[in-house]
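1. Just a sequence and a predicted model for now, questions to come.
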Amino acid sequence: MSHDLTQHTSQYPPDLDPSFVFDFTAYDDLDDDTQRWSTWLSVEPLCRGPEPRPDWVVTSQAAVDTELGILKTGKEADAFLLERAVPGSEDLDDPTGQSVVMVAKRYRGDDHRTFHRSTAYTEGRKTRNTRDARALAKKSAHGRAVAAGQWAWAEWEALVRCHRLGLPVPYPVQLDGTELLMEWITVEGEDGVETAPRLAQTRPDRPLLESYYEQLREAMSELARHGVVHGDLSPYNILAAGDRLVIIDLPQVVDLVGNPAGTDFLMRDCTNVVGWFRARGLGVDEHDLFGELLAHAF
């Protein structure tokens, strides 16, 4: 697998430290340049996953992070697989909490990214730092760096909130500047554990198709109850982990009430999702779903 070691980020959320210096160099006493010491204890407490934490989260100061290769590339961020393990834990009889493979989603720095998110997503959001707000407006290099950090922070906050609501999202492990570590959603494949497929790649039978739709309808309803819209929901950012669905890619979450286009985003989510299920023979209607979600919201 290829490795990208150019992006290691600062320990603060974007509104506290907008510099976002990238430095993925391993520490002095690690000879392998694909490794670094765990950054768990170096990030702010509010940037560590919500409690109660799953048993698999590795919090040991002795843990080492090892790059395993790229998982997916995107316009705004790339996803990598990263193992966090205490050296020698593979020899333990009970390795629970000693080794885990996670997804490291890294939003690009100002010199290596093409951020095309519509400003319609950010309507209603506030930038507390006036210097950052001016830089964003001017689209300067500093502004582009701030934007990268803001999208990472937005996804972190969305994941934490959704997890606390009991919604089917990856567990958010930590945020380190523009690097977001989260649970790796997997299935058992022919060659062992592999990334769960996107819903668009699956061909479920009728009972599973109906179950998938009900799971998604309930998740969207719960979001609507709390005034939140995914904003970019489609079969391509929903994972099918066996008989359960997991929603991913949440940096663009929209405030249903605070954003002037909130209901438009909600309708688009309904259209994208329902269209896929209807094409596979399920008798569902996007307008019915939209009306149901609005009833939950208001």
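-> Nice, thanks for sending it over. Source: prediction; values computed, not measured. Numbering: from 1, shown residues only.
2. which residues in the protein form strands?
-> 35-37, 64-73, 77-85, 99-107, 172-176, 179-183, 186-189, 192-195, 228-229, 238-241, 244-247, 254-255 (DSSP state E).
3. Count the neighbours of residue 191 for me.
-> 6 (other CB atoms under 10 Å). For every residue, glycine as well, the C-beta is placed using N, CA and C.
4. Apologies, that question was intended for residue 239.
-> Residue 239: 23 neighbours (other CB under 10 Å).
5. what's near enough to touch it?
-> 185, 195-199, 245-248 (CB atoms under 8 Å, 6 or more residues apart in numbering).
6. Repeat that for residue 241.
-> So residue 241 contacts 185-187, 196 (CB under 8 Å, 6+ apart).
7. Now it. Nearest residue, chain neighbours left out?
-> residue 196 (4.2 Å; CB to CB, 6 or more residues apart in numbering).
8. Please read off the pLDDT at that neighbour from the model.
-> pLDDT for residue 196: 98.
9. Near it, how many other residues are there?
-> Neighbour number of residue 196 under other CB under 10 Å is 22.
10. Residue 183 is in contact with that one, correct?
-> No: Residue 196 is not in contact with residue 183 according to CB atoms under 8 Å; the separation is 10.9 Å.
11. Distance check, residue 83 against residue 181.
-> Distance of residue 83 to residue 181, given as CB to CB, to the nearest Å: 11 Å.
12. How about residue 246?
-> 16 Å.
13. Which one's more surrounded, those two?
-> residue 181 (30 against 19).
14. The more buried one - nearest residue in space that isn't next to it in sequence?
-> Among residues not flanking residue 181 along the chain, residue 173 sits closest, at 4.1 Å (CB to CB, 6+ apart).
15. now swap in residue 257 and tell me
-> residue 227 (5.4 Å).
16. count of residues packed around the one you found?
-> For residue 227, the tally of surrounding residues (other CB under 10 Å) stands at 16.
17. That one contacts residue 255, doesn't it?
-> Yes: the pair residue 227 / residue 255 is scored as a contact, 6.2 Å apart, by CB under 8 Å.
18. Quickly list what's touching both of these two.
-> Joint contacts of residue 227 and residue 255 (CB under 8 Å, 6+ apart) do not exist.
19. Return the closest of the contacts of residue 239 with respect to residue 265.
-> residue 247 (14.7 Å; CB to CB).
20. gap between that closest one and residue 32?
-> Following CB to CB, the distance that separates residue 247 from residue 32 is 35 Å.
21. Tell me which of these two has more neighbours.
-> residue 247 (23 against 10).
22. pLDDT weak spots in the stretch 101-250 of the chain?
-> Filtered on pLDDT under 70, the stretch 101-250 of the chain yields the residue ranges 109-148.
23. in it, which spans are helices?
-> 130-138, 141-164, 206-225 (DSSP state H, counting those that start in this stretch).
24. Can I get the contacts of residue 239 in TSV including distance to residue 167?
-> Formatted as TSV, the contacts of residue 239 follow (distance: CB to CB, whole Å):
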residue	distance to residue 167
185	14
195	20
196	16
197	20
198	18
199	16
245	11
246	9
247	7
248	12
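25. ok, and for stretch 218-226, which residues are buried?
-> 219-220, 222-224 (16 or more other CB atoms under 10 Å).
26. no no, stretch 262-275
-> 262-263, 265-274.
27. go on, stretch 242-251?
-> Counting neighbours by 16+ other CB under 10 Å, one finds that the buried residues in stretch 242-251 are 245-251.
28. Those: which two are farthest apart?
-> Top of the distance list for those (CB to CB): 245 and 251, 19.2 Å.
29. circling back: any chance of TSV for the strands of the chain, columns distance to residue 298?
-> Listed next are the strands of the chain as TSV, based on distance: least, CB to CB, whole Å:
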stretch	distance to residue 298
strand 35-37	48
strand 64-73	36
strand 77-85	33
strand 99-107	33
strand 172-176	29
strand 179-183	31
strand 186-189	38
strand 192-195	37
strand 228-229	13
strand 238-241	25
strand 244-247	22
strand 254-255	14
